[in-house]
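In: Only the shape, not the letters, is given here:
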């Protein structure tokens, strides 16, 4: 090989689970690219369906993950590392439900009570 020829490094392939958001679509559509990285995106949508496999088998190198799912996985000793990147943030109170057959429930009724959080 001549000194003027250079060998390009092999691109690192990463298996990735990300939702389709305005800020992730350019990456997923290949509009943002790097010669050092090649992304293999999970086709599963909505992305929360990849959360369970991620914490159980870790099939992805990088995965969007709900914070509470990450915390539950860490509590069970799963080898995950949290990156300080927010894909989507929202106020969670609109996601709380209760059994109305048990009577009226207000926020003032919650102190001292047990509350369960369920993923989709």
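Out: Arrived safely. Every value quoted in this text rests on a predicted model; they were computed, and no experiment measured them.

In: which residues are in contact with stretch 15-31?
Out: Outside stretch 15-31, the residues that touch it by Cβ atoms under 8 Å, 6 or more residues apart in numbering are 32, 39-42, 44-47, 50, 54, 59-64, 87-88. The C-beta positions use only the backbone N, C-alpha and C, and glycine is treated the same way.

In: if we go to 10 Å?
Out: 32-34, 37, 39-51, 53-54, 58-65, 86-88 (Cβ atoms under 10 Å, 6 or more residues apart in numbering).

In: Would you indicate which residues of the worst-scoring helix or strand of the chain on mean pLDDT are buried?
Out: Within the chain, judged by mean pLDDT, DSSP states H and E, the helix or strand with the poorest mean is helix 67-75; its value is a mean of 92. Within helix 67-75, the residues scored as buried using 16 or more other Cβ atoms under 10 Å are 69-70, 73.

In: how many other residues sit next to the residue nearest to residue 35 when sequence neighbours are not counted?
Out: Ranked by Cβ to Cβ, 6 or more residues apart in numbering and with sequence neighbours excluded, the top spatial neighbour of residue 35 is residue 11, at 6.3 Å. Using other Cβ atoms under 10 Å, residue 11 is surrounded by 13 other residues.

In: Distance-wise, check residue 11 relative to residue 58.
Out: 22 Å (Cβ to Cβ, to the nearest Å).

In: Ok, residue 51 next?
Out: Taking Cβ to Cβ, one finds residue 51 at 12 Å from residue 58.
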